[in-house]
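In: Attaching a predicted model along with its sequence, questions to come.
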Amino acid sequence: MEIGIIGLPGSGKSTLFEIMTSIKSCDLHGESCIRGQAAVPDERLEHLARIFKPQKVTPVKLTFIDVNLTGERAWAGLRQTLSGSDGLLQVVDGFSTNDPKEVWRSYRKIEDELILSDLAVVENRLTRLEKMGKKTLSPQDMAQSQILPQLKKQLESGKPLRDMGLSYDEVHLLKSFSFWTLKPELLVINLGEEMERLLESFQRMFDLSCPVMGISLLTEAEIARLTPEERIEFLAALNIGEPAFHRIIRAAFSLLGMITFFTCGPDEVKAWAVPANSKAPSAAAVIHKDFERGFIRAEVVSFDDFVRCGNSLGAAKNAGKLRLEGKEYRVQDGDIITFRFHV
């Protein structure tokens, strides 16, 4: 699971990367592409760790990618590095202005470049298909020749492909193109201190299909430099439950259409990520392929039912909340699962 961070110079994108991953770009000896992992904050995992007291606690992790290039090299670097990313996080400067329209213009500078890049890919592919002639087109080529004109029309209107509501089969057909604007996107506005109204005004004025969040990276950078004990005191003094960048990480995770299930025991309590609507054997495969190949059943209890049953698997079983599920069961967010298998 990879999220590419994009934004204009000075937007704060590299600062956000450093805060989320604890990797400082100045320590990487001028590398143009920086990858770092961030744990997805989850209070349910923390709760389960307190109950089971395992030797190890493992959260879900997201990989974030920051490209530090300028000018033409920037776009070449983006195309080369982020084409395989699963989603995009665009950071926009909202700290040097209180005008929502200026924030919008900054957002559109990047968005328009992505749209134009996708349009060039569509036009090039259509030209090649036309030269091939209908008689030589494969079924996949024919399907592309039918849908690409629709994509061209969408992009020429200045709208991203993700707004088209394409079906699963259509998205799969287009996967090899790695279209920028088909990737899910999260917009993060880097706010100045006490400028929350700018975010509210922006959301009222501009109806975006992608989620929009605000964060003061100046404040978050100060929080990130604190020790864990100092951070708790600082947040408590401001009556804040958690750092804002935790919400950004969770939003990025949700952007990818993923859910979380848990495995619990004395050795390890671990959070696992799977696509929403995954069936039990597919979820088992995330742990180990043998679990999928030899799948027998899954013992499942939801996190909420586990808590309501006094944080006890035994009590959950006695209450009928610990269920045996088969191969067709679709894993739900927050499920606590024990897989039974035989190889």
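Out: Received, thanks. Numbers count the residues shown, from 1 in each chain.

In: Give me the three-state assignment for the nearest residue to Arg247 once chain neighbours are set aside.
Out: Distance criterion C-beta to C-beta, 6 or more residues apart in numbering; nearest residue to Arg247, sequence neighbours excluded, is Met213 at 6.8 Å. Every residue, glycine included, has its C-beta placed from N, CA and C. Look at Met213: counting by DSSP: H, G, I helix; E, B strand; the rest coil, its state is strand.

In: List the beta-bridge partners for Met213.
Out: Val188 (DSSP bridges).

In: Double-check it against Ile248; I have them as touching.
Out: Yes - counting by C-beta atoms under 8 Å, Ile248 is a contact partner of Met213 at 6.2 Å.

In: higher neighbour count, those two?
Out: Ile248 (22 against 16; other C-beta atoms under 10 Å).

In: tell me the contacts of the residue nearest to Gln55 when sequence neighbours are not counted?
Out: Of all residues not flanking Gln55 in the chain, Asp267 sits nearest, at 5.6 Å (C-beta to C-beta, 6+ apart). For Asp267, the contacting residues are Pro54, Gln55, Lys56, by C-beta atoms under 8 Å, 6 or more residues apart in numbering.

In: Just the ones of those residues in strands?
Out: Lys56 (DSSP state E).

In: Which one of the contacts of Asp267 is nearest to Ile337?
Out: Pro54 (15.7 Å; C-beta to C-beta).

In: Would you mind stating the distance between that closest one and Phe303?
Out: 16 Å (C-beta to C-beta, to the nearest Å).

In: who's more crowded, the two?
Out: Under the criterion of other C-beta under 10 Å, the comparison of Pro54 against Phe303 puts Phe303 first, with 21 against 16.

In: what's the neighbour count on the closest residue to that one other than its chain neighbours?
Out: Nearest non-adjacent residue to Phe303, counting by C-beta to C-beta, 6+ apart: Gly334, 3.9 Å away. For Gly334, the neighbour count with other C-beta under 10 Å is 17.

In: hang on, isn't Gly334 packed against Phe306?
Out: No - counting by C-beta under 8 Å, Gly334 stays clear of Phe306, with 9.0 Å between them.

In: Now name the helix or strand holding Pro266.
Out: If you go by DSSP states H and E, Pro266 is not part of any helix or strand.

In: you'd agree it is up against Ala49?
Out: No - Pro266 lies out of contact with Ala49 (C-beta under 8 Å); the separation is 11.6 Å.

In: Between those two, tell me which one has more neighbours.
Out: Set Pro266 next to Ala49 and count neighbours by other C-beta under 10 Å: Ala49 wins out with 18 against 9.

In: Buried residues of the strand or helix carrying the more buried one, list them for me.
Out: Element membership of Ala49, judged by DSSP H and E, is helix 43-52. Using 16 or more other C-beta atoms under 10 Å as the test for burial, helix 43-52 gives Arg44, Leu45, Leu48, Ala49, Phe52.

In: mind checking how far the third one is from Asn68?
Out: When you say that, I think you mean Leu48. 38 Å.

In: Which elements pack onto the helix or strand Ile248 falls within?
Out: Using DSSP H and E, Ile248 falls within helix 244-255. On a contact count with 3 or more C-beta pairs under 8 Å, 6 or more residues apart in numbering; DSSP states H and E, helix 244-255 meets helix 13-21, strand 61-67, strand 87-94, strand 185-191, strand 212-215, helix 217-224.

In: Swap in 10 Å and give it another go.
Out: Contacts defined by 3 or more C-beta pairs under 10 Å, 6 or more residues apart in numbering; DSSP states H and E place helix 244-255 against strand 2-6, helix 13-21, strand 33-39, strand 61-67, strand 87-94, strand 185-191, strand 212-215, helix 217-224.

In: Out of the ones you listed, flag the one nearest Glu200.
Out: Taking these one by one with C-beta to C-beta, strand 212-215 is closest: 8.8 Å.

In: What average pLDDT does that closest one get?
Out: Mean pLDDT, computed over strand 212-215, is 91.

In: Against Asp93, how distant is the nearest residue to Cys210 once chain neighbours are set aside?
Out: Nearest non-adjacent residue to Cys210, counting by C-beta to C-beta, 6+ apart: Glu185, 4.4 Å away. Using C-beta to C-beta, we find Glu185 at a distance of 17 Å from Asp93.

In: Between these two, point out the one with more neighbours.
Out: Set Glu185 next to Asp93 and count neighbours by other C-beta under 10 Å: Glu185 wins out with 24 against 21.

In: gap between the more buried one and Arg204?
Out: Counting by C-beta to C-beta, the gap from Glu185 to Arg204 is 20 Å.

In: Same question for Glu222.
Out: From Glu222 to Arg204 the distance is 29 Å (C-beta to C-beta).

In: So for these two, which sits in the more crowded spot?
Out: Under the criterion of other C-beta under 10 Å, the comparison of Glu222 against Arg204 puts Glu222 first, with 12 against 9.

In: and the gap between that one and Gln332?
Out: Glu222 is 38 Å from Gln332, where distance means C-beta to C-beta.

In: show me what contacts Val40?
Out: 1, 59-62, 246, 249-250, 252-254, 258, 260, 271, 273 (C-beta atoms under 10 Å, 6 or more residues apart in numbering).
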